[in-house]
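Trainee: just a sequence and a predicted model for now, questions to come.
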Amino acid sequence: MSELERIIHDDSNGLDYILVGEIYLPLIAVPEEKRDIGFFGSLHRNYLKDYKSGLYSYLTLTGKLWTYLADLNEQCVERRDFLMNQIMKQEGITEELKSRNQMEWVRRANNVRSRVDEIILNELVYV
């Protein structure tokens, strides 16, 4: 019996295959994403696993999952910063209040942060 080649190339689909045991498996490299998926990306990944398994499988198999989650996390952080600034300005939570009454400023800022996080989770993460 002749020796099988370790790596072969299929011109019909442009893929290379490697011999593993008696089977040729495709050599597919998933592009590496350098960005972190962060808090919101992790929550969305778990949501996709539990409730949108088809989309999760598609993104995983095409190698787009990490990029998708990193992009979503960036959108969430930008939206959070924008909403925090807007609401704090509307409610008069200023640096002057912070210097005058720090505990009041922390209480009100935490309240805004909780509301903004709830908005982001409902609008971007759990959809």
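Mentor: Perfect, I can see it now.

Trainee: use CA for all of it now, contacts and neighbours both
Mentor: Will do.

Trainee: got a list of contacts for stretch 6-16?
Mentor: 17-19, 26-28 (C-alpha atoms under 8 Å, 6 or more residues apart in numbering).

Trainee: for the biggest strand by length in the chain, give the mean pLDDT please.
Mentor: If you go by DSSP state E, the chain has its longest strand at strand 15-20. For strand 15-20, mean pLDDT rounds to 89.

Trainee: go on, stretch 72-91?
Mentor: Average pLDDT, stretch 72-91: 97.

Trainee: chain center to it, what's the gap?
Mentor: In this view, stretch 72-91 has its centroid 18 Å away from the chain centroid, taken as C-alpha atoms, centre = their mean, to the nearest Å.

Trainee: just the C-alpha atoms of that stretch, please, in CSV.
Mentor: Extracted in CSV, the C-alpha atoms of stretch 72-91 (Å, rounded to 0.1, in the frame of the first residue of the first chain):
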residue,chain,number,x,y,z
LEU,A,72,-21.2,44.7,20.7
ASN,A,73,-19.2,45.4,23.9
GLU,A,74,-17.8,48.6,22.4
GLN,A,75,-21.2,49.7,21.4
CYS,A,76,-22.6,49.1,24.9
VAL,A,77,-19.7,51.0,26.5
GLU,A,78,-20.1,54.0,24.2
ARG,A,79,-23.9,54.0,24.7
ARG,A,80,-23.4,53.7,28.5
ASP,A,81,-21.0,56.6,28.6
PHE,A,82,-23.3,58.8,26.4
LEU,A,83,-26.4,58.0,28.5
MET,A,84,-24.5,58.5,31.8
ASN,A,85,-23.3,61.9,30.8
GLN,A,86,-26.7,62.9,29.4
ILE,A,87,-28.8,61.8,32.4
MET,A,88,-26.3,63.2,35.0
LYS,A,89,-26.4,66.5,33.2
GLN,A,90,-30.3,66.5,33.2
GLU,A,91,-30.5,65.6,36.9
